[in-house]
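Q: Here is a sequence with its predicted model. Questions after.
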Amino acid sequence: MATLHLLSHSPFADDRLASCLPLLGADDALLLSGDAVYALHANTRQRQALEKLPETVALFALEEDVRARALEALPARVTLVDYPGFVELSCRYERVNSWL
Amino acid sequence: MNTLCVDGRAIALDQDGFLLDLQDWNEAVAQALAEREGLALEAEHWEILRLLREFHAEFQLSPATRPLIKYTALKLGPEKGNSLHLNRLFKGTPAKLAAKLAGLPKPSNCL
Amino acid sequence: MARSMLVISRQAPWSGPSAREALDIVLAGGAFELPLGLLFLDDGVFQLAAAQQPAQLEQKDLTANLQALPLFGVESLYAARRSLAERGLDEQALPLSVEVLDDIGLSALINRYDHVITI
């Protein structure tokens, strides 16, 4: 059933994140990479929206993109993954929806 | 560049022999294009060529085989809108050859 | 059984290649008789506005191409209700026959297909 949604654009310059969130099913997951990880920045509406997602929706972020941007005090619900982890997730979910 | 000479007029073709400009088409041009393909146009060919011109006017694209069959069935009935009939008329490649003779661009979805 | 694919088209029609690319994927897949769906989301719903005149911009008429989708075997056409409403488009007045879905319907739709791509 479940879909892994893949976002890589900054949620401050672009509406992909805002558009994706209402479409997440209960068992779907979100993987942030590239500038999409800025959605994890403290004191932002984008981060609040992520924290408000139902608990069943899993949230992942690509670790090197998070570290490179010095994002700290991450939400407890986010799981950081490396590229092998990214691949593993792509296989674990039935489909990957890349928001190109 | 390829050109086709019809009634003393030079008409530009692309490398695959399709008209570069849809507006260059008329019945004499279709005859000349068909001759290059070794095909003699009969009434049954003409009705498909006209249908293709209509398809293009309506949808602004050239149909692949399946949509051509469907559209023909819709407009001329199932005894003409089938692959057997269209393949027989257009040497087994109706979408490509009929589009060419009707002066349409090469169907981009005939991969 | 061929694997099904949903293409989500979320860009407006005349400002860049994305809308055309989404349509080309669907037309090509239709020619191969793949089970395909096309969803208009976000600015993608502007592709559904009536009486557009791309010739003014010297562009090919994508909206005319869309009308050919059923002939290409693509009859699963959807639009996002929220996207239409936000952009002031009347879902009763669309020139293409699409199924209009709310957010819950969209999430179920995405989860019905084997593959999904958002362009």
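A: Perfect, I can see it now.
Q: what's the pLDDT at B:Cys110?
A: The model reports B:Cys110 with a pLDDT of 51.
Q: Could I get the full set of strands for chain A?
A: Using DSSP state E, the strands of chain A run over A:3-7, A:29-32, A:58-62, A:78-81, A:95-99.
Q: got it, and chain C?
A: C:5-9, C:36-40, C:76-80, C:99-101, C:115-118.
Q: Could you find the closest non-adjacent residue to C:Asp114?
A: Computed as CB to CB, 6 or more residues apart in numbering or on different chains, the closest residue to C:Asp114 that is not its neighbour in sequence is C:Arg3, at 4.1 Å. For glycine as for every other residue, the C-beta is placed from the backbone atoms N, C-alpha and C.
Q: A:Leu6 now?
A: Nearest one to A:Leu6, counting by CB to CB, 6+ apart, is A:Ser98 at 4.7 Å.
Q: give me the number of residues near the one you found?
A: 15 (other CB atoms under 10 Å in any protein chain shown).
Q: can you point me to the longest helix in the chain?
A: Answering for chain A, as no chain was given. When chain A is parsed with DSSP state H, its longest helix is helix A:83-92.
Q: try chain C instead
A: helix C:18-31.
Q: just checking, what packs against the longest helix of chain A?
A: Under the contact definition 3 or more CB pairs under 8 Å, 6 or more residues apart in numbering or on different chains; DSSP states H and E, helix A:83-92 sits against strand A:3-7, strand A:29-32, strand A:58-62.
Q: can you redo the ones you listed as TSV with distance to B:Ala30, mean pLDDT and mean neighbour count?
A: Output for the helices and strands packed on helix A:83-92, formatted as TSV (distance: least, CB to CB, whole Å; pLDDT from 0 to 100; neighbours: other CB atoms under 10 Å in any protein chain shown):
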stretch	distance to B:Ala30	mean pLDDT	mean neighbour count
strand A:3-7	50	97	24
strand A:29-32	55	98	24
strand A:58-62	58	98	21
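Q: wait, which of the ones you listed is closest to C:Ala64?
A: For C:Ala64, the closest of the helices and strands packed on helix A:83-92 is strand A:3-7, at 32.3 Å, according to CB to CB.
Q: Please export the C-alpha coordinates of that closest one as PDB.
A: Written as PDB, here are the backbone C-alpha positions of strand A:3-7 (Å, rounded to 0.1, in the frame of the first residue of the first chain):
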ATOM      1  CA  THR A   3       4.400   5.200  -0.800                       C
ATOM      2  CA  LEU A   4       7.700   6.800   0.000                       C
ATOM      3  CA  HIS A   5       7.600  10.500  -1.100                       C
ATOM      4  CA  LEU A   6      10.900  11.900  -2.100                       C
ATOM      5  CA  LEU A   7      11.400  15.700  -1.900                       C
END
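Q: And for it, what's in contact with it?
A: A:16-17, A:20, A:23-25, A:28-33, A:36, A:39, A:89-90, A:92-99, C:110-111, C:116 (CB atoms under 8 Å, 6 or more residues apart in numbering or on different chains).
Q: Name the strands paired with it and say parallel or antiparallel.
A: strand A:29-32 (parallel), strand A:95-99 (parallel) (DSSP bridges).
Q: No further questions, thank you.
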